[in-house]
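[1] Following is a predicted model, sequence given first.
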Amino acid sequence: MKYNIAVIPGDGIGPEIVGEAQRVLDAVGKKFGHEFNYTKVLMGGCSIDVHGVPLTEEALQTCKDSDSVLLGAVGGNVGMSNWYNRPPQERPEAGLLALRKGLELFANIRPAYLYPELKDRCPLRDEVIGEGFDMVIMRELTGGLYFGKRFTEEVNGVQKATDTLTYDENEIRRIAIKGFEIARKRRHKVISVDKANVLDSSRLWRKVVEEVAKEYPDVELSHMLVDNCAMQLVKTPGQFDVILTENMFGDILSDEASEVTGSIGMLSSASLGATKLGLYEPSHGSAPDIAGLGIANPIATILSAAMMLRYSFDMKEEPDAIENAVKQVLADGYRTGDIWSEGCKKVGTTEMGAAIIERL
Ligand SMILES: NC(=O)c1ccc[n+]([C@@H]2O[C@H](COP(=O)([O-])OP(=O)(O)OC[C@H]3O[C@@H](n4cnc5c(N)ncnc54)[C@H](O)[C@@H]3O)[C@@H](O)[C@H]2O)c1
Ligand SMILES: CC(C)[C@H](C(=O)O)[C@@H](O)C(=O)O
Ligand SMILES: [Mg+2]
C-alpha cells in the first residue's frame, strides 16, 4: 500500500528527531511492503522566516490532502525575524494551533508509560511507583483557553489582558466519547479532571462526562480536581489509567506525567478528529537548549510514528514491531543523555535511531 505523509520538521531539534522517525518508517515500509511518500511542509518559525507567517494556506492544504501528518516541534527564541517578540497569533506556536484547528483534531492522546528499564530515571521512589506507571492522557485539543477570545487593552491608563475559556456541550461530549472508548481498550477506568469547584466550563464538563458515562457501564468514572491531580500524579501514579481533561490542564499534566516516565523525550502523541487523518508529534517542544547538538532523544517521535501506523493506517504488526524495537533498545542499554544512567551506553540522536532500526 502507498501512504502520503506530510512531514513537518519544524524548528530546533524538530528536523533531527523527525529524520529518525522517517528512517524508522522507511525500515518498516521495507520490512512489511508499504510505500511511504513524504511531502515536506514548512510550519513554525522556519515558515515565518520564509513566508512571514507560521502556517500558509498551501501548507495547511497539503496536510489536509495527506493521509497523515508527522511533526517534530516548533518554536524557540531564535530565527531571523526574532520569533519571540511577535504577538501570539504570529508566533511559531500559532501555526501549530492553526494546524490542529484546521484539521479539526480535537482529541489528543498522550500515553505515559514507565519502561521497567528506565525505573532508575523516574524521580519517584520505588515504593511510590509500585507496580509501575502506564496511563493515557486524553486531552481536548481545539477548545478552551487556547481558542477563546484574547486581547490586551488599556483601561483608564492601566494595561489589561483577557483570555476566555469556553466549551460547549458538543465539544465536551465528543472528547469524552474518545476517552471512554480508549478506556475500554485499556483498564476500564476514566478519571475526568476539571476545576468544577470554581469554573462554569468545568461544571458543564462534569455534567456532560457523566451523561456519556451512562453509555459505558463497563468503565469506572471518577472526577478529580486538577490541583489534586497534579499532586496525585507524583503521590500515587499507579492509580491512573485514562485521564480525560480539557486543553490547558492536559498540556500541563502531560509534561508532569512525562517526567514520571524518565524524560519528556519519551512521550509520544496522536491528535485525531472524526476522520482517519491524524497529526503525530512528540509532546515535547523544540528544545532550543540542545538543538543542533545531535543529542535529542528521538524515541517520542518514533513512538508517535508508530501511533500513526496504528490510528491512521489501521496497522497492527507494524506499530508493534516499532514498539518492541524501542523496548529492546532500552533493554540493550542504549540511552540518549536525558535518560542515561550509570552503566548504560550513551548515544546521540542518529545512533539511537539506528539502534532501533537494527532491532526492527
Ligand atoms: N509541539 C510543539 O511543537 C511544542 C511543544 C512544546 C513546546 N514547544 C515550544 O518549544 C519551545 C521550547 O519550549 P520549552 O523549553 O518550554 O519545552 P521543551 O519541551 O522544548 O524543552 C524542555 C526541556 O526538555 C528537554 N527536552 C525536550 N525534548 C527533548 C528530547 N527529545 N530529548 C532530550 N531532551 C529534551 C529540553 O532540552 C529542555 O531542557 C517553545 O517555543 C515552546 O513554545 C513546542
Ligand atoms: C507549543 C504549544 C502551543 C503546545 C500546546 O500547548 O499545546 C505544546 O506545549 C504541546 O504540548 O503540544
Ligand atoms: Mg505542552
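    Yep, it's here. Ligands and ions are numbered 1, 2, ... in the order given.

[2] Quick check: residues of the chain near ligand 2?
    For the chain, the residues in contact with ligand 2 (Cβ under 6 Å from any ligand atom) are G75, E93, L96, L97, D251, S283, G285. No exception for glycine: its C-beta is placed from N, CA and C like everyone else's.

[3] and the closest residue in space to the second one that isn't next to it in sequence, what does it touch?
    Leaving out its chain neighbours, the residue that sits closest to E93 by Cβ to Cβ, 6 or more residues apart in numbering is G75, at 5.3 Å. Counting by Cβ atoms under 8 Å, 6 or more residues apart in numbering, G75 makes contact with D11, G12, G44, G45, W83, R91, P92, E93, G285, S286, P288.

[4] any chance of the residues you listed in a markdown table, plus distance to ligand 1, neighbour count and secondary structure?
    Converted to a markdown table, these look like this (distance: Cβ to the nearest ligand atom, whole Å; neighbours: other Cβ atoms under 10 Å; DSSP: H, G, I helix; E, B strand; the rest coil):
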| residue | distance to ligand 1 | neighbour count | secondary structure |
| --- | --- | --- | --- |
| D11 | 8 | 29 | coil |
| G12 | 6 | 29 | coil |
| G44 | 7 | 31 | coil |
| G45 | 8 | 31 | helix |
| W83 | 8 | 23 | helix |
| R91 | 8 | 20 | coil |
| P92 | 7 | 27 | helix |
| E93 | 5 | 19 | helix |
| G285 | 2 | 19 | coil |
| S286 | 4 | 26 | coil |
| P288 | 6 | 16 | coil |
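
[5] which of these has the weakest pLDDT?
    By pLDDT, W83 ranks lowest within the contacts of G75, coming in at 83.

[6] quick revisit: now name the helix or strand holding the residue nearest to E93.
    Using DSSP states H and E, G75 falls within no helix or strand.

[7] Let me know the pLDDT of it.
    93.

[8] Kindly report the same for F106.
    For F106, the predicted pLDDT is 98.

[9] quick one: low-confidence parts of the chain?
    Within the chain, the stretches with pLDDT under 70 are 78-81.

[10] what about 80?
    77-82, 84 (pLDDT under 80).

[11] Quick one: the helices in it, in order.
    Ranges of helices in the chain, per DSSP state H, are 14-32, 45-51, 57-64, 92-102, 126-129, 169-184, 200-213, 226-235, 247-260, 299-311, 317-331, 349-358.

[12] Buried deepest among these, which one?
    With neighbours defined as mean count of other Cβ atoms under 10 Å, the helices of the chain peak in mean count at helix 299-311, which reaches a mean of 25.

[13] any idea how far that helix is from the chain center?
    Its chain's C-alpha centre and that of helix 299-311 lie 10 Å apart, by Cα atoms, centre = their mean, to the nearest Å.

[14] Can you give the contact residues for it?
    With Cβ under 8 Å, 6+ apart, helix 299-311 has contacts from 5, 17-18, 20-22, 24-25, 28, 68, 70, 72, 109, 264-270, 272, 276, 278, 280-284, 315-316, 318-319, 322-323, 326, 336, 352-353, 356.
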